[in-house]
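>>> Structure, please.
(2 chains, ligands or ions: 2)
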Amino acid sequence: MAVLIYTQNYEGKFKKSVFELVSYGTEIAKQLGVEAIAVTTGQIDNAVLKELGKYGAKKVIKIENPELKDFSAQAFTEVINQLAKNQNANVIVFGNNPAGRAIAPRLTVKMNAGLAAGVVAVPTSVNPFTVKKRAFSGKAFADLVIKSEIKILTLNQNSFKVVEGSGEASVEEFTAVIPDGAYNVKPIEVIKSSGKLSVTDAEILVSAGRGMKGPENWGMIEEMAQILGAGTSCSRPVSDLGWRSHEEHVGQTGKVVAPNLYIAVGISGAVQHLAGVNGSKVMVCINTDADAPFFEAADYGIVGDAFDVVPKLNEAFKKFIAEG
Amino acid sequence: MKALICIGHVPDTTSKVKFVEEDTKFDTTDIQYIVGPYEELALTRLLDIKDAGTEMHITAVNVGLAGADSTLKKALAMGADEAVRVNAEPTDAAFVAKQIAEVFSKGNYDVIVTGKESIDYNGGQVEGMIAEFLGLPSVSGASLFEINGDKVKLEQEIEGGRQVSEASFPFVVSAGKGFASEPRIPNMRGIMMANRKALTVLDPVEQNLMTEVIKHYLPQAKPQCKMVAPDNVEELVRLLHEEAKVI
Ligand SMILES: Cc1cc2nc3c(=O)[nH]c(=O)nc-3n(C[C@H](O)[C@H](O)[C@H](O)COP(=O)(O)OP(=O)(O)OC[C@H]3O[C@@H](n4cnc5c(N)ncnc54)[C@H](O)[C@@H]3O)c2cc1C
Ligand SMILES: Nc1ncnc2c1ncn2[C@@H]1O[C@H](COP(=O)(O)O)[C@@H](O)[C@H]1O
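Ligands and ions are numbered 1, 2, ... in the order given. As a prediction, the model looks like this:
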């Protein structure tokens, strides 16, 4: 038996969320008294793979079938299923990210397993297998029991701390059989993101809403993000109005984020907005209206005009960073 | 084209969330139910395509008890042609997916559309499970759905960007942001018509329960927001560094 961890590399590198995932899977493996095994696809240096040992993986298996350079939920499900059987995995963990969300549900049916989607902690009990997950768009959490023998989990980003040790993982290769028809949804092209820090990866997000009045006023928001090494995000009306790219829209119908620090400027704090950001560790609200609902959710607040407060705050942040 | 669209019956996005029976069950008192926001987008897109001249029959399907009929009626009022309800409590995602797969197999449909995730248990599971039950291809969280003859152009998020792909019928797709822009709001005529459209109730097929929610929690109450004066922004920087330790 083993815990299998699906670790996705991007152009041969791993992001921090993968280290969280390996640390998480390793912790479950310890609870169960079994090994943690990571799997990845594509071309990647063995040296990078061995590094996953630091986070607890005993072994990393790479699957290099060239077809897998394009994504297909069906193909990836097949491949992980073959590997899971080969390694006798009884727990399989994915990140709650686009690939995990596409593969995990299919895999549960294929393996006759139960799925806990969007988990936020290690199981509180392994028998019965009970794990806490996000529910009602962050307004609640639920304890879910998985009854099947094989358990599949998707872990929310930023909900489990990276545990870094020293080990080195061994690297093995696995060749999967990709069945006919697995690419019936035919990939045509990949449009790369802007290259900016993505809202889900950013540890600090500077977010702004309709209170900014217009896209021409985003300079000070970008500046704050740059000073703090942060990403930028926005409320839905802002992306609907075309002031900012849709990639920045957070909330119930946008991206769900959980940064360490979320700074909301000129955002009223509607429930649908909070639904996407209420997992943030610390939230700051800057708003002219002292009754804006965001202040009820925020940890720190300034009642004031963004056009006055943000430039001053940028200077203060700059000074703070310069003084180390 | 025959489309099957899966409609969740979910609490309004502004609902206050509370639990009863020792926190095992969601408290439905005073809760308004709606068509899930992603399903609204999905249905809107299909209706837009239909209005633009593609021949299409849209069936809205829900797995739920009689209380969900009002939500199916909303889908009919928006413009779906008929509705089907599988009469069972939607206990877990695999159970729901199995029922919908069954409806699909009996009905000669070309495509199944779901929302990206429900707003109660936020699983994003049903679409992939239906696809696997039926052995069909699937695309999750699509931000584009464009019909060109017998092919559909789709776009989905992947690590580092978006992948554009082309699907042939039949397939399963879940609708994410961008699938349609503004959800349609039913008009008076739609609401009147809805009562004349068919709503068929079916019995469920068997499927083992794989998961069970045993307890709910509300997030820990936040301490009151600490207010900082607008002319004292240095204090905010200090608090973020020394107290919150996030910078
Ligand atoms: C089904 C559904 C899903 C939704 N999904 C989302 C979602 O995913 N994400 C999302 O964001 N919204 C979502 N919404 C919309 C949501 O209800 C709100 O309408 C939206 O979040 C408001 O955006 P806002 O705060 O930027 O704008 P507003 O509500 O217009 O608020 C602007 C704020 O800026 C403040 N302000 C004005 N001038 C200044 C100034 N000079 N300095 C500082 N502050 C100022 C105002 O006091 C006000 O609080 C959804 C709604 C529905 C019904
Ligand atoms: N009980 C249900 N009946 C019909 N469709 C459902 C039901 N539950 C979920 N769905 C569909 O599946 C999608 C994803 O739901 P979930 O997997 O629960 O997050 C929703 O957006 C709906 O389209």
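
>>> Give the buried residues for stretch A:284-299.
Of the residues in stretch A:284-299, A:V284, A:C285, A:I286, A:N287, A:T288, A:A292, A:P293, A:F294, A:F295, A:A297, A:A298, A:D299 count as buried by neighbour count, 16 or more other CB atoms under 10 Å in any protein chain shown. Heads up, the C-betas are built off the backbone N, CA and C, glycines and all.

>>> What's opposite the residue in chain B that ligand 2 sits nearest to in the beta bridge?
Residue of chain B nearest ligand 2, by CB to the nearest ligand atom: B:G115 (2.3 Å). In this entry, B:G115 is beta-bridged to B:A175, by DSSP bridges.

>>> I'd say it and B:A42 touch.
Yes - in terms of CB atoms under 8 Å, B:G115 counts as a neighbour of B:A42; the distance is 5.9 Å.

>>> ok so B:R189 is a helix residue?
Yes - according to DSSP: H, G, I helix; E, B strand; the rest coil, B:R189 belongs to a helix.

>>> Neighbours of it, how many?
9 (other CB atoms under 10 Å in any protein chain shown).

>>> likewise B:V35?
B:V35: 28 surrounding residues under other CB under 10 Å.

>>> ok, so what distance separates it from ligand 1?
B:V35 is 10 Å from ligand 1, where distance means CB to the nearest ligand atom, to the nearest Å.

>>> A:G242 now?
Counting by CB to the nearest ligand atom, the gap from A:G242 to ligand 1 is 14 Å.

>>> Got the phi and psi for that residue?
phi 80, psi 10 (degrees, to the nearest 10).

>>> so what's it up against?
Neighbouring residues of A:G242 by CB atoms under 8 Å, 6 or more residues apart in numbering or on different chains: A:P215.

>>> Name the nearest residue to A:E168, sequence neighbours excluded.
Of all residues not flanking A:E168 in the chain, A:G53 sits nearest, at 4.2 Å (CB to CB, 6 or more residues apart in numbering or on different chains).

>>> What is the burial count for the residue of chain B closest to ligand 2?
The burial count for B:G115: 29, using other CB under 10 Å.

>>> Show the pLDDT at it.
We have a pLDDT of 98 for B:G115.

>>> Repeat that for A:F320.
Looking at A:F320, the pLDDT reads 97.

>>> just the helices in chain B please.
In chain B, the segments counted as helices under DSSP state H are B:37-51, B:69-78, B:93-107, B:126-134, B:188-194, B:233-238.

>>> Most tightly packed of these?
helix B:126-134 (a mean of 28; mean count of other CB atoms under 10 Å in any protein chain shown).

>>> quick one: the residue of chain B closest to ligand 2 from ligand 1, how far?
11 Å.

>>> And that residue, how far from A:T253?
As defined by CB to CB, to the nearest Å, B:G115 lies at a distance of 10 Å from A:T253.

>>> coming back round to it: what subset of the buried residues of stretch A:284-299 is also close to ligand 1?
Subset of the buried residues of stretch A:284-299 in contact with ligand 1: A:I286, A:N287, A:T288, A:A292, counting by CB under 6 Å from any ligand atom.

>>> helix, strand or coil for A:Q272?
Going by three-state DSSP: A:Q272 is helix.

>>> That one - how many residues pack around it?
For A:Q272, the count of nearby residues is 17 (other CB under 10 Å).

>>> From what I see, it and A:V250 are in contact.
No - A:Q272 is beyond contact range of A:V250, at 10.3 Å (criterion: CB under 8 Å).

>>> thinking again about what came up before, quick one: common contacting residues for B:G115 and A:T253?
Going by CB under 8 Å, 6+ apart, residues that sit against B:G115 and also against A:T253 are B:P37, B:Y38.

>>> For chain B, which residues are neighbours of ligand 2?
Counting by CB under 6 Å from any ligand atom, chain B sits next to ligand 2 at B:6-8, B:36, B:38-39, B:61-64, B:90, B:93, B:96, B:114-115, B:117-118, B:121-127.

>>> at 5 Å instead, please
Residues of chain B found near ligand 2 (CB under 5 Å from any ligand atom) are B:6, B:8, B:36, B:38-39, B:62-63, B:90, B:93, B:96, B:114-115, B:117-118, B:123-126.

>>> and what of the stretch 101-250 of chain A?
Checking the stretch 101-250 of chain A against ligand 2 by CB under 5 Å from any ligand atom, there are no hits.

>>> Mind jotting down where the strands sit in the stretch 101-250 of chain A?
A:114-119, A:125-126, A:129-135, A:140-146, A:151-155, A:170-174, A:186-192, A:204-208, A:231-234 (DSSP state E, counting those that start in this stretch).

>>> closest one to B:E102 among those?
Closest approach to B:E102 among these is made by strand A:114-119 (19.7 Å; CB to CB).

>>> packing partners for the closest one?
Other elements packing on strand A:114-119 under the criterion 3 or more CB pairs under 8 Å, 6 or more residues apart in numbering or on different chains; DSSP states H and E are helix A:98-111, strand A:129-135, strand A:140-146, strand A:151-155, helix B:93-107, strand B:211-217.

>>> Can you confirm whether the last one lies near chain A?
This points to strand B:211-217. Yes - Strand B:211-217 lies within reach of chain A by CB under 8 Å from any CB of the partner chain, at B:T211, B:E212, B:V213, B:I214, B:K215, B:H216, B:Y217.

>>> Where neighbours are concerned, which of those residues has the most?
B:T211 (28 neighbours).

>>> Provide a list of residues in contact with that residue.
A:G114, A:L115, A:A116, A:L144, A:V145, A:I146, A:K147, B:D92, B:A93, B:A94.

>>> residues in contact with the helix or strand of chain A with the lowest mean pLDDT?
Least confident helix or strand, chain A: strand A:186-192 with a mean of 95, by mean pLDDT, DSSP states H and E. Here strand A:186-192 makes contact (CB under 8 Å, 6+ apart) with A:70-72, B:153, B:155, B:158, B:160-167.

>>> Which members of the residues you listed are the farthest-apart pair?
B:G160 and B:A167 (21.7 Å).

>>> Compare those two (neighbour count), which wins?
B:A167 (22 against 17).

>>> In JSON lines, list the helices and strands packed on strand A:114-119 along with mean pLDDT and distance to A:P237.
Shown next, in JSON lines, are the helices and strands packed on strand A:114-119 (pLDDT from 0 to 100; distance: least, CB to CB, whole Å):
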{"stretch": "helix A:98-111", "mean pLDDT": "98", "distance to A:P237": "25"}
{"stretch": "strand A:129-135", "mean pLDDT": "97", "distance to A:P237": "25"}
{"stretch": "strand A:140-146", "mean pLDDT": "97", "distance to A:P237": "26"}
{"stretch": "strand A:151-155", "mean pLDDT": "98", "distance to A:P237": "30"}
{"stretch": "helix B:93-107", "mean pLDDT": "97", "distance to A:P237": "32"}
{"stretch": "strand B:211-217", "mean pLDDT": "96", "distance to A:P237": "31"}
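
>>> Please name whichever of these is nearest to B:M192.
helix B:93-107 (26.4 Å).

>>> Now do the nearest residue in space to A:D240 that is not next to it in sequence against B:D48, distance only.
Setting aside the residues directly before and after it, A:D240 is nearest to B:S181 in space (CB to CB, 6+ apart), at 7.7 Å. Distance, B:S181 to B:D48, using CB to CB: 9 Å.

>>> what's the answer for B:E235, then?
Taken as CB to CB, the span from B:E235 to B:D48 is 51 Å.

>>> residues near A:E67, how many?
13.

>>> and it, what pLDDT?
pLDDT at A:E67 comes out at 93.

>>> so A:R244 makes contact with A:W218?
Yes - A:R244 is in contact with A:W218 according to CB under 8 Å; the separation is 7.1 Å.

>>> The two: which has the busier surroundings?
A:R244 (21 against 18).

>>> Excluding chain neighbours, what is closest to the more buried one?
A:C234 (4.5 Å).

>>> which residues pair with the one you found across the strands?
A:A208, A:H249.

>>> How about the contacts made by it?
A:C234 sits in contact with A:S207, A:A208, A:G209, A:W243, A:R244, A:E248, A:H249, A:V250, where contact means CB under 8 Å, 6+ apart.
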